[in-house]
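Student: quick one: sequence plus predicted model below, questions after.
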Amino acid sequence: MSQKEQAASPVYFAGLRAKNEGESKVKKIERLFSTAGFDKMFGQNDLCAVKMHFGERGNDAFVHPVFVRAVVRLLKNAGARPFLTDTNTLYRGQRHNAVEHTLLALEHGFSYATVEAPVIIADGLRGHCFTEMPVQLKHFSKVSLADAVVQADGMLALSHFKGHVLSGFGGALKNLAMGCAPARGKKDQHQAHFLIDPGKCVACGQCLAHCPENSIAWSKTPEGKRASITQESCIGCGECMTMCKHGAINLDFASERTAFTERMIEYAYGASRMHPGKTAYMNFLLNITPDCDCAPWSDAPLVPDIGILAASDPVALDKACFDLVNAQPGFADSQLRCNHGAGEDKFKGSYAKTIGEVQFQYAESIGLGNIAYELVKI
């Protein structure tokens, strides 16, 4: 066996065909949970954070409450005491504070009656409850992580794998990095500069309405009234770019894209070290949309639904998902501008300037996990 094969991390995969006597997706989750050894990972009365994304209002691509309930029951059967959690957003929206965030979670079906676990927003009422964790890496000597996930006894991250306008894709690594960070930590990771093309701006005002720092204002240009960004107060959250339907706002990709990804991965590293031996991951390759679930919409999927995966190594898990998505033929009626063929990069086909593969490379270089994986079909 080669060194690469020895280093490979197991990633367990359940496809969507109901060929085992009409096996449901819930049954697949149950088999993944036990096959991956998650039933032995969490002990009696462990307070287990089920880290997920409840979706922004208008979004419907998040992990379905029925699947979350299945995970909750499995954790309870193992003796743990699970709770569902996420952190408040940096941008203005329906998840900017714990009250509105919790109400939106209920609106999207994450009530105790449905999922059989409470919702606890991890960074407190206004995102000020966090703990600094040492990492001693390239960009950060320490990272800020939400108190509820730090104080838990273990964590199971449930991630909807999809595209992302800044990071190329979002999976377990992004769920750790952005998802476990309070607003301060999210700001640490972004630190990006965005540019407005006055030739494409139509002065619709959407970017002004959604900027959490009021860093966008009207200015007079040869083209007429156009939006402009005050870089000194911009926190780099990227909400303006997400909301712009005209492609007028873009990250300064030439100088920012690699640094942004590395900062995100360093936060993921810190979050992954909170509970040694008691952190597990499941990725859902369903509704594989081009945008984060923070968007108040769900675009058409890029490729067909693929399945559900589980692993203890978030790098190997995301790499397996990345490869499985790219192995699919892309949908014609989607955001894909190119790379529709099986084997072509669907994430670059959706956002040409992203370099999502940096997530794997940098994560492996700092010891977060292995790029090499063994896909174990169950």
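Tutor: Nice, I can see it. Numbering: from 1, shown residues only.

Student: buried stuff in the longest helix seen in the chain?
Tutor: What stands out as the longest helix in the chain, according to DSSP state H, is helix 253-272. By neighbour count on 16 or more other Cβ atoms under 10 Å, the buried set for helix 253-272 is 253, 256-257, 260-272. Where you see a C-beta, it was placed from the backbone N, CA and C, and this is true even at glycine.

Student: now, which of those sits nearest Phe161?
Tutor: Ala268 (14.7 Å; Cβ to Cβ).

Student: isn't Gln191 right up against Met264?
Tutor: No. The pair Gln191 / Met264 is not scored as a contact, 10.7 Å apart, by Cβ atoms under 8 Å.

Student: re the thing from before, following the longest helix of the chain, which helix or strand comes up?
Tutor: strand 279-285 (DSSP states H and E).

Student: tell me what that following strand is packed against?
Tutor: Under the contact criterion of 3 or more Cβ pairs under 8 Å, 6 or more residues apart in numbering; DSSP states H and E, strand 279-285 touches strand 154-160, strand 307-311, helix 314-326.

Student: pull the residues that contact that strand.
Tutor: By Cβ atoms under 8 Å, 6 or more residues apart in numbering, the residues outside strand 279-285 that reach it are 29, 32, 36, 38, 41, 63, 67, 71, 154-161, 171-172, 272, 305-314, 317-318, 321, 324-325.

Student: for Ser9, which of the helices and strands packed on strand 279-285 is the nearest?
Tutor: Comparing those by Cβ to Cβ, helix 314-326 comes nearest, at 3.7 Å.

Student: quick one: mean pLDDT over that closest one.
Tutor: On average, the pLDDT along helix 314-326 is 98.

Student: cool, and stretch 67-76?
Tutor: 98.

Student: may I see the buried residues of that stretch?
Tutor: Quick answer for stretch 67-76 (16+ other Cβ under 10 Å): 67-75.

Student: quick one, what contacts the nearest residue to Gly168 once chain neighbours are set aside?
Tutor: Setting aside the residues directly before and after it, Gly168 is nearest to Gly356 in space (Cβ to Cβ, 6 or more residues apart in numbering), at 2.4 Å. Listed by Cβ under 8 Å, 6+ apart, the contact set of Gly356 reads 164, 167-169, 261, 322, 347-348.

Student: go again using 7 Å as the cut-off
Tutor: 167-169, 347 (Cβ atoms under 7 Å, 6 or more residues apart in numbering).

Student: in strands only, show me the residues you listed.
Tutor: 168-169 (DSSP state E).

Student: so the closest residue to Val72 other than its chain neighbours: helix, strand or coil?
Tutor: The shortest distance from Val72 to any non-neighbouring residue, by Cβ to Cβ, 6+ apart, is to Ala117 (4.5 Å). Put simply, Ala117 is coil when judged by DSSP: H, G, I helix; E, B strand; the rest coil.

Student: Phe83 is in contact with Ala117, correct?
Tutor: Yes. The pair Ala117 and Phe83 passes the contact test of Cβ atoms under 7 Å, sitting 5.5 Å apart.

Student: for these two, list the residues in contact with both.
Tutor: With Cβ under 7 Å, 6+ apart as the test, Ala117 and Phe83 both reach Val50.

Student: and Glu132, how many neighbours?
Tutor: When neighbours are counted by other Cβ atoms under 10 Å, Glu132 registers 15.

Student: which stretch of helix or strand covers it?
Tutor: Per DSSP H and E: strand 130-134 holds Glu132.

Student: give me the distance between stretch 324-334 and the centre of its chain.
Tutor: 20 Å (Cα atoms, centre = their mean, to the nearest Å).

Student: pull out the buried positions in that stretch.
Tutor: 324-326, 328, 330-331, 334.

Student: measure Gly349 to Leu156 for me?
Tutor: 31 Å (Cβ to Cβ, to the nearest Å).

Student: pick out whichever of those two has more residues nearby.
Tutor: Ranked by neighbour count (other Cβ under 10 Å), Gly349 and Leu156 place Leu156 first, with 25 against 21.

Student: can you get me a residue count around the residue nearest to the more buried one when sequence neighbours are not counted?
Tutor: Closest residue to Leu156 apart from its sequence neighbours, by Cβ to Cβ, 6+ apart: Ala280 at 4.7 Å. If you count neighbours by other Cβ under 10 Å, Ala280 ends up with 26.

Student: all further residue positions should be reported with the first residue as 770.
Tutor: In the new count, where the first residue is 770, that last one comes out as Ala1049.

Student: quick check, pLDDT for Ala1049.
Tutor: For Ala1049, the model assigns a pLDDT of 98.

Student: and Tyr781, which of the three is it?
Tutor: strand.

Student: distance-wise, check Asn930 relative to Leu1093.
Tutor: Check again: residue 930 is Phe, not Asn. For Phe930, the distance to Leu1093 - Cβ to Cβ - is 9 Å.
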